[in-house]
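*Asks:* pasting the sequence and the predicted model now:
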Amino acid sequence: MDFHLVFEKVISSFEKEELHYGLIGGFALGVMGILRATMDIDLLLLIDDLDKADEILTGCMYSCVRRSPHLSQYTSGFKQLGSIDILYASKTISKEMLSRAERFRVFDEYMIPVLSPEDIIGLKVQAIANDAQREATDIVDMRLLLEYQLQRKRLIDWELLEEYFSLFNKEALLTTLKKDFS
């Protein structure tokens, strides 16, 4: 996947059309300087912007290969364009995640919204709850995100994290993380 090309074609169009979205997943970690291999781009998108995003993506030679009430997956027949996964922000909690997104410079040309480390962790807790096989990888990512916050000398929003972990009955995992990062 040529991430620069995807930004040039897709993300710049999202910006031009003023879609409400934020990067999540492995590429978001990379934007923060956390080295992590990734093969796609993951986004959280305001559900009200889904039709416009679909129009942009299909115009950029992507096809929607999966759509559920909570997410869409797009892929292109052109290897350079790869795939894009979109989670929908339809509930208050996910809309608030978008409101907290911070803009980061990507490829020296784009200022792109990236969800906060705590919000990305919240999505990873949900992913673990939905698929236990993701747990080892997602816990490593959580730890890297917490370390990132500490390196930036930012306070970790433990209250917000408690809300996310309790939603999915993962308080024991949060207790371990708090012990290691408080």
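*Replies:* Everything's here; your move.

*Asks:* any idea how far Glu8 is from Phe14?
*Replies:* Distance, Phe14 to Glu8, by Cβ to Cβ, to the nearest Å: 12 Å. No exception for glycine: its C-beta is placed from N, CA and C like everyone else's.

*Asks:* quick one: which of the two has more around it?
*Replies:* A direct count of neighbours by other Cβ atoms under 10 Å for Phe14 and Glu8 places Phe14 higher, at 21 against 15.

*Asks:* check which helix or strand covers the more buried one.
*Replies:* Phe14 belongs to helix 12-16 when elements are defined using DSSP states H and E.

*Asks:* show me what that helix is packed against.
*Replies:* Applying 3 or more Cβ pairs under 8 Å, 6 or more residues apart in numbering; DSSP states H and E, one finds that helix 12-16 contacts helix 50-59, strand 110-114.

*Asks:* possible to save these as JSON lines with mean pLDDT, distance to Ser83 and mean neighbour count?
*Replies:* Listed next are those as JSON lines, based on pLDDT from 0 to 100; distance: least, Cβ to Cβ, whole Å; neighbours: other Cβ atoms under 10 Å:
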{"stretch": "helix 50-59", "mean pLDDT": "98", "distance to Ser83": "10", "mean neighbour count": "16"}
{"stretch": "strand 110-114", "mean pLDDT": "95", "distance to Ser83": "18", "mean neighbour count": "18"}
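
*Asks:* could you dump these into a markdown table with distance to Ser94 added?
*Replies:* Formatted as a markdown table, the helices and strands packed on helix 12-16 follow (distance: least, Cβ to Cβ, whole Å):
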| stretch | distance to Ser94 |
| --- | --- |
| helix 50-59 | 13 |
| strand 110-114 | 14 |
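
*Asks:* of all those, which one comes closest to Tyr21?
*Replies:* Closest to Tyr21 of the helices and strands packed on helix 12-16, according to Cβ to Cβ: strand 110-114, at 6.6 Å.

*Asks:* tell me what the closest one is packed against?
*Replies:* In this structure, strand 110-114 packs against helix 12-16, strand 21-24, helix 25-31, strand 102-106, with contacts taken as 3+ Cβ pairs under 8 Å, 6+ apart.

*Asks:* next SSE downstream of the least confident helix or strand in the chain by mean pLDDT?
*Replies:* Lowest by mean pLDDT, DSSP states H and E among the helices and strands of the chain is helix 25-31, with a mean of 92. Following helix 25-31 in sequence order, the next helix or strand is strand 41-46 (DSSP H and E).

*Asks:* the residue nearest to Leu50 when sequence neighbours are not counted pairs with what?
*Replies:* Sequence neighbours aside, Tyr88 is the residue nearest to Leu50 in space, at 6.5 Å (criterion: Cβ to Cβ, 6 or more residues apart in numbering). Judged by DSSP bridges, the bridge partners of Tyr88 are Leu45.
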